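Participant: Here is my input, please return the structure:
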Amino acid sequence: MRSRLVISVLILVNLSFVGYLAARRYVFAKPKLLPVAESHVLPLVEFRDEKGRVLRTELFIGSPLFVQFVNPRVEAQLVSFLNVRNNRPKKLISWMLLTANAHELRRRLPHDSDDIVIVEENYEALCKLFSIAKTREHWVIFDESGKYRSSGSYDTGDAAIQLKNVVDNDPIYSTETLWQMLTLMNEKGQLIQFRAIAAHSSSGKALVGMFSTACTTCPDGSLVDLLNNYAAQDLKNSYLIILPSTFTKRDLKNFETNLEISIPVQLANPDFTRQWFALNEQYGEKAVNGSVFVVDKEKVVSVVSGLKDTERLLKELMERK
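Facilitator: Presented below is the predicted three-dimensional model:
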């Protein structure tokens, strides 16, 4: 009787162990993972950090996570991360850096950086998984639930404000911010440059596009094309593209030539440029670049950003009598 009981217990133990192994294989199976750009969630994977610890990304769920590729030999990439780190949110977050040289990166980080997880092993595969492009390394932000919230290139300067928005709910850039700046400058008589352009149009209006950067294959270049196309058809309103006063006349000429601009291009006055760069510093160049505003005689009447809203504004201007 006792031997039968022992055998029964052994069978149950074995069955439980087999069940555990099956469950473990199921839990730790490696399903086909989609890159963040498609899945919009934190990829659940196992990885090894610089210290040899085997970790899983699930450990980051529960607090917002900031991920960035950093080449410590590219000064701009290191500086961009340190800027985010020095302007971090008030609430606690997690940090994960992908790199090809963990030892050098760790050496160049401040002494209070023990909370930063650095990954060198399989970093290229992780970059693909996190949708971090090789040609222009990005940062990625996930919220406390592991949901993708934002991403961008390290050199656009908006990572810190985006992270504060996700973590502390700090406001991010909006066209209302630019409108307030322009209105205040207009009251001080600092928009004479644009009011003069508006005065030379039959409608009394001038549409002004602000560009500190643009290329033929990027959204900002498409915005320039849109302005070009409407300016060629619009006989009532004046069009102008402005660049910061820090550009040289040669920069201006190259900008016109490379983007095949038919609209007049001018350098903004120093006062305008200072205010423009203050917005860039606070909200990132990416947020402000390509903004468009309309001056009607002596007032700023419209401010928009992006292709969709700019095209809507251009259509409205064309349709007005």
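Participant: only C-alpha atoms for contact and neighbour calcs from this point on.
Facilitator: Fine.
Participant: check contacts around the closest residue to K147 other than its chain neighbours.
Facilitator: Distances taken as Cα to Cα, 6 or more residues apart in numbering place V41 nearest to K147, at 4.5 Å, with adjacent residues excluded. Residues in contact with V41 (Cα atoms under 8 Å, 6 or more residues apart in numbering) are 142, 146-148.
Participant: what's the spacing between V41 and E121?
Facilitator: Taking Cα to Cα, to the nearest Å as the measure, V41 falls 22 Å from E121.
Participant: Helices of the protein, start to end?
Facilitator: 2-27, 36-39, 75-86, 102-108, 123-129, 159-168, 175-187, 192-199, 219-233, 249-258, 270-283, 285-288, 307-319 (DSSP state H).
Participant: can you put those helices in TSV and add distance to G62, mean neighbour count and mean pLDDT?
Facilitator: Output for the helices of the chain, formatted as TSV (distance: least, Cα to Cα, whole Å; neighbours: other Cα atoms under 10 Å; pLDDT from 0 to 100):
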stretch	distance to G62	mean neighbour count	mean pLDDT
helix 2-27	20	11	43
helix 36-39	18	14	94
helix 75-86	19	16	94
helix 102-108	25	15	97
helix 123-129	21	17	94
helix 159-168	12	22	93
helix 175-187	32	16	94
helix 192-199	50	19	94
helix 219-233	35	17	94
helix 249-258	46	13	94
helix 270-283	27	16	92
helix 285-288	29	20	88
helix 307-319	36	15	92
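Participant: Select, out of the ones you listed, the one closest to V54.
Facilitator: helix 123-129 (14.2 Å; Cα to Cα).
Participant: Mind listing residues that contact that closest one?
Facilitator: 33-36, 43, 69, 98-100, 133.
Participant: my guess is Y154 meets V79, correct?
Facilitator: No - assessed by Cα atoms under 8 Å, Y154 is found out of contact with V79, at 9.3 Å.
Participant: how about the most centrally placed residue in the chain, what does it touch?
Facilitator: By Cα atoms, centre = their mean, the chain has its centre lying nearest to G152, at 2.9 Å. By Cα under 8 Å, 6+ apart, the contact list for G152 reads 138-140, 158-159.
Participant: CSV for those residues, including distance to D220?
Facilitator: Compiled in CSV, the contacts of G152 are given as follows (distance: Cα to Cα, whole Å):
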residue, distance to D220
H138, 18
W139, 20
V140, 21
D158, 16
A159, 19
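Participant: Of those, which count as buried by neighbour count?
Facilitator: 138-140, 158-159 (16 or more other Cα atoms under 10 Å).
Participant: Kindly indicate which of those residues lies nearest F47.
Facilitator: V140 (17.5 Å).
Participant: Excluding sequence neighbours, find me the nearest residue to the closest one.
Facilitator: V140 sits nearest to S151 (Cα to Cα, 6+ apart), 4.3 Å away.
Participant: Filter the contacts of helix 123-129 down to the buried ones.
Facilitator: 35-36, 43, 69, 98-100.
Participant: Restricted to strands, list the residues you listed.
Facilitator: 69, 98 (DSSP state E).
Participant: got the buried ones among the contacts of helix 123-129 as TSV, with distance to T213 columns?
Facilitator: Formatted as TSV, those follow (distance: Cα to Cα, whole Å):
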residue	distance to T213
P35	29
V36	27
P43	33
F69	23
L98	27
T99	28
A100	29
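Participant: from the buried ones among the contacts of helix 123-129, which is closest to A232?
Facilitator: Nearest member of these to A232, counting by Cα to Cα, is V36, at 40.8 Å.
Participant: what number of residues lie near the nearest residue to that closest one once chain neighbours are set aside?
Facilitator: Using Cα to Cα, 6+ apart and skipping the chain neighbours, the partner closest in space to V36 is F130 (5.2 Å). Using other Cα atoms under 10 Å, F130 has 26 other residues around it.
Participant: Next one: F130 from Q193, what distance?
Facilitator: Taking Cα to Cα, one finds F130 at 45 Å from Q193.
Participant: returning to that earlier point: from the buried ones among the contacts of helix 123-129, which is closest to I61?
Facilitator: Nearest to I61 out of the buried ones among the contacts of helix 123-129 is P43 (Cα to Cα; 10.9 Å).
Participant: what's across from V292 in the sheet?
Facilitator: Counting by DSSP bridges, V292 is bridged to G209, V304.
Participant: My guess is it contacts D220. True?
Facilitator: No - with contacts counted by Cα under 8 Å, V292 stays clear of D220, the gap being 11.5 Å.
Participant: sorry, back to before: which residue in the buried ones among the contacts of G152 has the weakest pLDDT?
Facilitator: Of all the buried ones among the contacts of G152, D158 carries the smallest pLDDT score, 84.
Participant: Just give me the neighbour total for the residue nearest to that residue when sequence neighbours are not counted.
Facilitator: Distance criterion Cα to Cα, 6+ apart; nearest residue to D158, sequence neighbours excluded, is G284 at 3.8 Å. The number of residues packed near G284 is 22, by other Cα under 10 Å.
Participant: Great, nothing more from me.
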